[in-house]
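1. coordinates only, sequence not included:
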């Protein structure tokens with residue numbers, strides 16, 4: 001029958017006489033299959049023209065809307081040693097509640113009376129500042145007294161100089177009178193000698209006129225000596241004025257030098273007082289840092305350093321706290337090629353890990369178990385994973401997110417774009433093209449306005 005043997009069959013069997021042969025060889029079952037293929041092709045053709053919502057998918061996690069609502073670790077700004085815990089993991093704390101107490105590990109802060117002793121040092125230095133202030137005031141008074149004394153003595157010297165000048169004038173006039181008398185006496189003496197030689201006057205009269213001439217010469221010499229002495233007194237008075245100025249300038253300069261030294265010491269002491277005040281303030285603030293308090297209402301998640309007596313450095317995490325009041329959000333990441341398609345206010349569907357969902361990415365309206373969100377922030381700098389970070393907030397127009405949702409849960413996001421036919425979407429994906437670029441309606445309306 002199959003012609004695979006050299007033996008020829010002489011029998012010609014008619015299988016149509018048998019029921020099994022009729023059922024196998026003469027049944028037209030392929031007619032239904034062809035109808036099925038034709039119907040499937042028509043259905044597929046119709047299906048290719050159905051609308052498909054282009055989308056951008058991404059993976060992310062649940063976070064909070066603002067940075068101050070996210071889980072945070074509390075650190076100590078100073079190194080120390082753990083002394084006492086006041087809470088347990090899972091406890092609720094209010095803002096300002098004490099979480100733990102630490103102690104010092106640096107020997108310069110071991111003194112329990114450090115603040116009191118620093119206060120005493122400040123008081124002592126402040127008294128020294130007051131003493132320098134009194135000394136500066138006394139030196140000011142001394143300088144004022146020296147100025148007054150200098151003015152008095154300078155005025156006295158000026159008066160003496162004026163008197164000397166007046167005496168020079170008086171002696172000059174006396175000298176002129178004496179010279180005039182001398183000339184008269186000389187004339188009389190010459191006349192007496194002439195008359196004596198003529199025999200008119202006696203010798204006794206000649207002697208008298210010679211004696212008067214000698215007396216007049218002596219008076220003239222005396223007046224000349226007085227004039228020279230008066231002029232010398234004028235020079236001495238002028239020198240006295242210069243000496244007074246120089247003497248009191250030296251005294252005032254010495255007093256001012258002492259005053260400047262006192263001011264320098266005062267400024268140095270004031271700087272020391274200011275430094276001690278800063279140190280005391282730092283000590284007081286450091287004392288307040290021995291107690292780690294809650295920055296806001298929240299729950300104690302984890303004690304990172306738990307053993308009593310453990311030491312730590314400044315800035316080292318001590319405990320983790322989760323704020324009790326927070327607004328949930330989702331951070332997801334998109335490829336750089338899809339970033340121009342993301343706009344503020346864009347609608348996004350979110351699937352949370354742990355919540356069952358049936359997702360049809362092309363038909364978000366028929367998906368089940370997804371929640372609505374909208375874009376509230378688009379990061380402008382690429383993340384370490386090579387993608388851009390997008391922050392999503394709950395969509396008020398959609399149903400609320402699950403109450404038991406916690407920060408850190410994984411998410412799968414679908415950003416909704418334009419509606420296109422399925423055949424176009426298949427053609428786009430097969431060619432590796434990005435979704436259609438478009439602008440949201442709000443931006444279009446704003447540009448039209």
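-> It's in. Computed from a prediction, not measured in an experiment: that's the story for all the values here. Numbering: from 1, shown residues only.

2. Pull up the gap between the nearest residue to residue 102 once chain neighbours are set aside and residue 118, please.
-> Nearest residue to residue 102 in three dimensions, chain neighbours excluded: residue 80, at 3.8 Å (CB to CB, 6 or more residues apart in numbering). Where C-beta positions appear, they are placed from N, C-alpha and C, glycine not excepted. Going from residue 80 to residue 118 by CB to CB, to the nearest Å gives 20 Å.

3. Between the two, which is the more surrounded one?
-> residue 80 (25 against 19; other CB atoms under 10 Å).

4. Please give me every residue in contact with that one.
-> Shown in contact with residue 80 (CB atoms under 8 Å, 6 or more residues apart in numbering): 102, 103, 104, 105, 290, 311, 312.

5. Most neighbours out of the residues you listed, which is it?
-> Tallying neighbours with other CB under 10 Å puts residue 102 at the head of the contacts of residue 80, with 22 neighbours.

6. Secondary structure element holding it?
-> Following DSSP states H and E, the helix or strand that holds residue 102 is strand 98-103.

7. Report the rounded mean pLDDT for that strand.
-> Averaging pLDDT along strand 98-103 gives 92.

8. and it, what other elements does it pack with?
-> For strand 98-103, the elements it packs on are strand 80-85, strand 291-293, strand 317-323, judged by 3 or more CB pairs under 8 Å, 6 or more residues apart in numbering; DSSP states H and E.

9. Put together TSV for the ones you listed, with distance to residue 248 and mean pLDDT on each row.
-> As requested, those are arranged in TSV below (distance: least, CB to CB, whole Å; pLDDT from 0 to 100):
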stretch	distance to residue 248	mean pLDDT
strand 80-85	65	91
strand 291-293	66	91
strand 317-323	72	90
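
10. tell me the most buried of these?
-> Highest mean neighbour count of the helices and strands packed on strand 98-103: strand 317-323, a mean of 19 (counted as mean count of other CB atoms under 10 Å).

11. outside of that strand, which residues touch it?
-> Contact partners of strand 317-323, identified using CB under 8 Å, 6+ apart, comprise 64, 68-76, 82, 93, 99-100, 292, 294-305, 312, 407.

12. Restricted to strands, list those.
-> Counting by DSSP state E, the contacts of strand 317-323 place 64, 72-75, 82, 93, 99-100, 292, 298-303, 312 in strands.

13. Of these, grab the buried ones for ChimeraX.
-> With 16 or more other CB atoms under 10 Å as the criterion, this ChimeraX line picks the buried residues out of those:
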select :64,72,74,75,82,93,99,100,292,298,299,300,303,312
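
14. quick revisit: how far does the strand holding residue 102 sit from the chain's center?
-> Put simply, strand 98-103 sits 29 Å off its chain's centre (CA atoms, centre = their mean, to the nearest Å).

15. Same check on stretch 47-57?
-> Here the centre of stretch 47-57 is set off from its chain's centre by 53 Å, with CA atoms, centre = their mean.
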